[in-house]
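Enquirer: coords below, sequence missing:
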């Protein structure tokens, strides 16, 4: 099937500042793509360009095979979007705003709306001017998730939510994923992305620095090994691919290059293995690889 989102060579300048440079990635049907990077890396600028809010300076940007700038009205009929800071009409209640969003979109499932209001523990009768940031986010999320869209774009959607509500959001996104919908999830919560994403796109200073599944990217960094042996475990420190070796009695903890795991296992077997644990690198490890220092 053709890509839901296709970005190729996307560039955007604000005066002399180059915000985006050669941003290229795709989102396929039924795929959750985690879009990560620190503040100022270009995530929100990319998303605004995708939504047709700002005009790109160069490159290709398509959703459903249509140009995001020229065909934005047609595209918006089939997508749901939640920004990182939802602005609301203060004189309206949360319930009224949700219904207005659904009416503006032209669709929406009222049963799903009521279910989500209960799940997110939102008081729909309270005026929006009395809402906290977290409750404003809930209004945006409930409205977006109540619509049966072909593409969901979330830009830091759980900003301001407590951990319990973050978990509710993750569960609802997982349900959408099961129905085969495409999702672009920009988030600073790496555990959230790691749980939900099929593919990860890491952006740094307006450029894409890594793209791939977590399994594909994990070869780029090291696993953490805990090893206990009958013989002198200190001998493992000399094996190729072993780094940051620390020993306590007959047990050692160290990081290991994944291509050398087999060599380490062979040497450990000669010493008599009592315990061997290997923890693959997390998304945070992969992320920090590009940002530390």
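Expert: Structure's in. What do you need? It should be emphasised that the depicted structure is a prediction, and the values quoted were computed from it without experimental measurement.
Enquirer: what residue ranges in the stretch 51-200 of the chain score low on pLDDT?
Expert: Within the stretch 51-200 of the chain, no range satisfies pLDDT under 70.
Enquirer: List the buried residues of stretch 142-152.
Expert: Neighbour-count burial for stretch 142-152, with 16 or more other Cβ atoms under 10 Å as criterion, is recorded at 142-147, 149-152. Backbone N, C-alpha and C define where each C-beta goes, glycine included.
Enquirer: Taking these together, which two end up most distant?
Expert: Spatially, the most separated pair among the buried residues of stretch 142-152 is 142 and 150, at 19.1 Å (Cβ to Cβ).
Enquirer: Can you show me the strands along the stretch 1-150 of the chain?
Expert: Secondary structure of the stretch 1-150 of the chain (DSSP state E, counting those that start in this stretch): strands at 5-14, 17-27, 32-36, 58-63, 66-67, 79-82.
Enquirer: which strands and helices sit next to the longest one?
Expert: When you say that, I think you mean strand 17-27. strand 5-14, helix 43-50, strand 58-63, strand 182-186, strand 207-212 (3 or more Cβ pairs under 8 Å, 6 or more residues apart in numbering; DSSP states H and E).
Enquirer: Please work out the angle formed by the directions of the third one and helix 43-50.
Expert: What it means is strand 58-63. With axes from the mean of the first three to the mean of the last three Cα atoms, to 10 degrees applied, the angle from strand 58-63 to helix 43-50 works out at 70 degrees.
Enquirer: can you give me the strands in the stretch 151-293 of the chain?
Expert: 151-155, 182-186, 199-204, 207-212, 223-229, 242-248, 251-256, 273-279.
Enquirer: Please render those strands as JSON lines that adds distance to residue 87 to the earlier fields.
Expert: Converted to JSON lines, the strands of the stretch 151-293 of the chain look like this (distance: least, Cβ to Cβ, whole Å):
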{"stretch": "strand 151-155", "distance to residue 87": "13"}
{"stretch": "strand 182-186", "distance to residue 87": "18"}
{"stretch": "strand 199-204", "distance to residue 87": "25"}
{"stretch": "strand 207-212", "distance to residue 87": "29"}
{"stretch": "strand 223-229", "distance to residue 87": "43"}
{"stretch": "strand 242-248", "distance to residue 87": "47"}
{"stretch": "strand 251-256", "distance to residue 87": "45"}
{"stretch": "strand 273-279", "distance to residue 87": "42"}
